[in-house]
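In: Sequence and predicted model, in that order:
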Amino acid sequence: MKKIVALLGDYWHAADDAKAGLEAALIRLPIKDEIDLQYITYKEVSQVLSDRPDLFINAKMDQLNPRDEQVITWLTEELDTKLVNYVIEGGSVLAWHAGMAGYSSESNYIHMLRGYFNYHPPGLQEVTYMLKDNEKSGENTFFLSDEQYFVHCDKANTEVDLWSTGIDGDSIAAWKHSFGKGKICCFTPAHTREGMVNENVSSLLAEKINWMLSL
């Protein structure tokens, strides 16, 4: 069995929407009957990492209460170090959508991801996702009504494999690399439940998960 733990949902993103998207992806896996999936809260992350799951999926931004005057974040310095060590020792992390948002650019976690969310234009836009760089139409593209994430990405030290374009410009939408004995993947689509269960999104998400679980 492959053990997957998933931290989903935050102030801006409904956990149930992400669950639907994740489960739509998992049923596409060739080893779907060999997956042990556990949903966790941020308070459980440290203990769960001690149990050495095969994959930790993070779809939660760092700020627990982003609109309050005193903002609380869940990624402590101790947990930041533990998360990186987990990957160095052979674990894998998928930072999905909000899982790369709101974290300190100086954190070990963000250094490990080699990229992070910068901003998105207000509201939902029609976004074209491209499987080939700058190929803005044709069979290697698909469309979503989505938040188009604009990101910082260390392109020289990762493999970019998805791009986005919209009325506000172009950005990188997914990348992956090995880190220590483990693997990292960052995947920006999608914000809405409809986007998360979109066939193209769930298919790509399944590909990422399968890559991270493979030896």
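Out: Done, it's in. Treat the numbers as computed from the prediction; the structure is a model and nothing was measured.

In: Give me the contacts around the top strand by length along the chain.
Out: Taking DSSP state E as the criterion, the chain has its longest strand at strand 169-179. Applying C-beta atoms under 8 Å, 6 or more residues apart in numbering, the contact partners of strand 169-179 are 87-88, 112, 114-115, 129-130, 134, 148-151, 153, 155, 157-165, 183-189, 204, 208, 211. For every residue, glycine as well, the C-beta is placed using N, CA and C.

In: Give me the subset of those lying in helices.
Out: Val87, Ile88, Met112, Leu204, Lys208, Trp211 (DSSP state H).

In: quick one, what contacts the second one?
Out: Remark: with contacts taken as C-beta under 8 Å, 6+ apart, Ile88 is in contact with Phe179, Gly180, Lys181, Gly182.

In: Most neighbours among those residues, please name it.
Out: Gly182 (21 neighbours; other C-beta atoms under 10 Å).

In: tell me which residues form a beta bridge with that residue?
Out: Gly182 has the following beta-bridge partners by DSSP bridges: Phe179.

In: Got the phi and psi for the residue of the chain most remote from its centre?
Out: When distances are taken from the C-alpha mean of the chain, Glu69 lies farthest, 27.3 Å away, according to C-alpha atoms, centre = their mean. Per-residue torsions, Glu69: phi -70, psi -40 (degrees, to the nearest 10).

In: Offset the numbering so it begins at 36, please.
Out: All right, first residue 36 from here; so that's Glu104.

In: contacting residues around it?
Out: For Glu104, the contact set (C-beta under 8 Å, 6+ apart) is empty.

In: One more: Leu61?
Out: Applying C-beta under 8 Å, 6+ apart to Leu61 gives the contacts Ile39, Lys67, Ile70, Leu72, Ala241, Ile244.

In: among those, which two are most distant?
Out: Within these, two members stand farthest from each other by C-beta to C-beta: Leu72 and Ala241, at 13.3 Å.

In: Which of those two has more residues huddled nearby?
Out: The neighbour comparison of Leu72 against Ala241 (other C-beta under 10 Å) goes to Ala241, with 19 against 16.

In: If you count contacts, what does the helix or strand where that one lies end up packed against?
Out: Taking DSSP states H and E as the definition, Ala241 sits inside helix 234-248. Contacts defined by 3 or more C-beta pairs under 8 Å, 6 or more residues apart in numbering; DSSP states H and E place helix 234-248 against strand 37-43, helix 50-61, strand 90-94, strand 127-131, strand 176-181, strand 204-214, strand 217-222.

In: Identify whichever of these lies nearest to Val83.
Out: Smallest distance to Val83 across the helices and strands packed on helix 234-248 (C-beta to C-beta): 5.1 Å, for strand 37-43.

In: So what angle separates the directions of the closest one and helix 50-61?
Out: Angle of strand 37-43 versus helix 50-61, following axes from the mean of the first three to the mean of the last three C-alpha atoms, to 10 degrees, is 150 degrees.

In: Can you list the helices and strands that strand 37-43 packs against?
Out: helix 50-61, strand 70-75, strand 90-94, helix 234-248.
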